[in-house]
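In: Have a look at this fold, sequence not included:
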């Protein structure tokens with residue numbers, strides 16, 4: 001089992017990598033009480049914090065890589081331990097020593113793809129804008145109203161390309177002047193940063209920032225809450241500020257101002273899933289619900305765990321790229337909750353959530369019982 005150094009050196013290394021807040025923990029256990037992992041296995045963030053405080057962390061242990069950065073425990077912590085930042089500090093050490101458990105080894109391939117092609121799916125950079133082939137989508141120009149930044153999954157993943165195309169169709173229908181960067185777009189870097197690859201995050205961020213400035217970008221529309229979070233809350237650390245809008249917010253604005261008209265009914269019973277990085281991390285709860293409520297015929301049900309209490313899909317913190325046992329997937333539990341409330345469709349607005357839910361829908365063999373939709377796919381069907 002990999003260890004890193006005598007404990008005094010480890011403590012200093014943890015501090016240098018951003019884990020100073022570990023020392024604030026007084027072991028109350030509130031973090032463990034809300035962690036979704038404890039519905040499936042014995043996992044203790046409190047134990048991890050305690051070990052790190054005394055320099056005893058084993059950086060190749062699986063527990064270090066379980067956190068999805070969902071944000072439940074920081075909200076409950078009475079001492080400001082900053083579990084997400086502290087956990088990422090430990091992962092930075094693992095990156096430094098290049099040691100990973102078996103379940104996290106795919107990160108090496110992901111890093112290579114991000115370095116060589118600017119995306120996490122091993123897609124050719126030159127084909128990043130191919131999702132828009134055959135559509136009235138132009139390269140971004142400085143005089144346009146907004147830049148649409150679909151992100152990696154909507155650009156390359158076959159399922160998520162449908163979301164990018166739905167978004168473009170909606171924008172065209174509303175008369176929005178928009179463009180895309182195509183091969184000039186790089187991954188936002190949010191998730192690889194949460195795996196501890198800080199230098200790679202900085203590289204990706206600087207590439208995007210330079211491109212935004214060179215292209216005259218002022219306002220950016222994103223499909224992913226992860227892109228939203230890092231552009232809005234982390235890129236300003238590089239002394240830049242762009243106006244960032246998530247698609248759920250923009251849809252609400254377009255409908256409220258009359259630029260987008262709903263012309264058809266959608267006679268389905270649906271339930272809405274709050275993505276962690278849209279809801280808990282950025283307090284966007286109402287806009288997506290108001291968009292869905294604006295659709296005639298729709299029946300909107302609330303899940304048992306919703307809004308701030310929403311159950312994580314399991315894809316954050318880089319977990320979307322790691323292996324998870326079939327019987328330990330948060331997505332499967334979330335789908336069962338949707339079935340329990342009587343929903344025909346589970347609707348959300350995050351590429352990671354859709355990816356995790358679609359995977360669980362197959363492994364649970366319930367493709368004929370529930371459908372997974374992005375909010376843009378609902379609106380696309382009624383305009």
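Out: Yep, it's here. Not measured: the values here are computed from a predicted model.

In: all contacts plus neighbour counts: C-alpha atoms, from now on.
Out: Noted.

In: Please name the residues that touch the residue nearest the centre of the chain.
Out: Nearest to the mean C-alpha position of the chain, by Cα atoms, centre = their mean, lies residue 226 at 3.9 Å. Contacts for residue 226 (Cα atoms under 8 Å, 6 or more residues apart in numbering) come out as 190, 191, 277, 278.

In: Restricted to helices, list the residues you listed.
Out: Counting by DSSP state H, the contacts of residue 226 place 190, 191 in helices.

In: Taking the contacts of residue 226, tell me the two that lie furthest apart.
Out: For these, the farthest-apart pair by Cα to Cα is 191 and 278; their separation is 14.2 Å.

In: Looking at those two, which one has more neighbours?
Out: residue 191 (24 against 21; other Cα atoms under 10 Å).

In: The more buried one against residue 320, yeah?
Out: No - using Cα atoms under 8 Å, residue 191 is not in contact with residue 320; the gap is 9.0 Å.

In: May I have the phi/psi pair for residue 207?
Out: Phi and psi for residue 207, reported as degrees, to the nearest 10, are phi -60, psi -50.

In: which secondary element of this structure has the worst mean pLDDT?
Out: helix 7-16 (a mean of 52; mean pLDDT, DSSP states H and E).

In: before we move on, back to that, ok, so of the contacts of residue 226, who is nearest residue 80?
Out: When the contacts of residue 226 are compared for distance to residue 80 (Cα to Cα), residue 277 wins out at 19.2 Å.

In: what residues are up against that closest one?
Out: 70, 225, 226, 229.

In: Distance of it relative to residue 350?
Out: Separation of residue 277 from residue 350 (Cα to Cα, to the nearest Å): 9 Å.

In: what do these two both touch?
Out: By Cα under 8 Å, 6+ apart, residue 277 and residue 350 have these common neighbours: residue 225.

In: quick one on the thing from earlier: of the contacts of residue 277, which belong to helices?
Out: Under the assignment DSSP H, the contacts of residue 277 contribute 225, 226, 229 to helices.

In: In JSON lines: these, plus distance to residue 342 and pLDDT.
Out: Putting those into JSON lines (distance: Cα to Cα, whole Å; pLDDT from 0 to 100) gives the following:
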{"residue": "225", "distance to residue 342": "27", "pLDDT": "98"}
{"residue": "226", "distance to residue 342": "29", "pLDDT": "98"}
{"residue": "229", "distance to residue 342": "32", "pLDDT": "98"}
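
In: Distance to residue 328 for these - can I get that in CSV?
Out: Formatted as CSV, the ones in helices among the contacts of residue 277 follow (distance: Cα to Cα, whole Å):
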residue, distance to residue 328
225, 24
226, 23
229, 27
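
In: Sort out which one of these lies nearest residue 100 for me.
Out: The shortest approach to residue 100 among the ones in helices among the contacts of residue 277 belongs to residue 226, at 23.6 Å (Cα to Cα).

In: Give me the distance between that closest one and residue 26.
Out: Applying Cα to Cα, the value for residue 226 to residue 26 is 31 Å.

In: go on, residue 171?
Out: Distance, residue 171 to residue 26, using Cα to Cα: 50 Å.

In: more neighbours, these two?
Out: Per other Cα under 10 Å, whichever of residue 171 and residue 26 has more neighbours is residue 171, with 20 against 13.

In: how is this structure carved up into domains?
Out: Here the domain parsing of the chain from automatic domain parsing is 7-104, 118-253, 263-382.

In: nearest to residue 110, of these?
Out: Residue 110 lies closest, by Cα to Cα, to one member of the domains of the chain: domain 118-253, at 5.3 Å.

In: distance between the ends of that closest one?
Out: The first and last residues of domain 118-253 sit 31 Å apart, counting by Cα to Cα.

In: And stretch 301-310, by the same measure?
Out: Its start and end residues considered, stretch 301-310 measures 14 Å (Cα to Cα).

In: what's the distance between that stretch and the middle of its chain?
Out: Centroid separation for stretch 301-310 versus its chain: 18 Å, with Cα atoms, centre = their mean, to the nearest Å.

In: And for stretch 75-82?
Out: With Cα atoms, centre = their mean, you get 22 Å for stretch 75-82.

In: quick one: average pLDDT of it?
Out: Stretch 75-82 carries an average pLDDT of 79.

In: So which bits of that stretch are buried?
Out: The neighbour-count check on stretch 75-82 (16 or more other Cα atoms under 10 Å) flags 75, 77, 81, 82 as buried.

In: With stretch 107-117 instead?
Out: Neighbour counts over stretch 107-117 (16+ other Cα under 10 Å) mark 107, 110, 111, 113, 114, 115, 117 as buried.

In: Other residues contacting the helix or strand where the first one lies?
Out: By that I understand residue 107. Assigned by DSSP states H and E, residue 107 belongs to helix 106-117. The contact list for helix 106-117 (Cα under 8 Å, 6+ apart) reads 119, 120, 121, 122, 123, 124, 125, 187, 192, 200, 321, 322.

In: swap in stretch 364-382?
Out: Residues from elsewhere that reach stretch 364-382, judged by Cα under 8 Å, 6+ apart: 162-163, 166-167, 169-170, 247-248, 262-266, 288, 292, 295, 332, 339, 343-350, 354, 357-358, 361.

In: Please indicate which of those are buried?
Out: Looks like the contacts of stretch 364-382 have 162-163, 166-167, 169-170, 247-248, 266, 288, 292, 295, 332, 339, 343-350, 354, 357-358, 361 buried, using 16+ other Cα under 10 Å.

In: any idea how far residue 354 is from residue 325?
Out: Using Cα to Cα, residue 325 is found at 18 Å from residue 354.

In: Tell me which residues of stretch 214-226 come out buried.
Out: For stretch 214-226, burial by neighbour count (16+ other Cα under 10 Å) applies to 215, 217, 218, 219, 220, 221, 222, 223, 224, 225, 226.

In: At which residues are the strands of this protein located?
Out: In the chain, the segments counted as strands under DSSP state E are 138-139, 146-149, 178-180, 219-222, 243-246, 269-272, 299-301, 345-348, 371-374.
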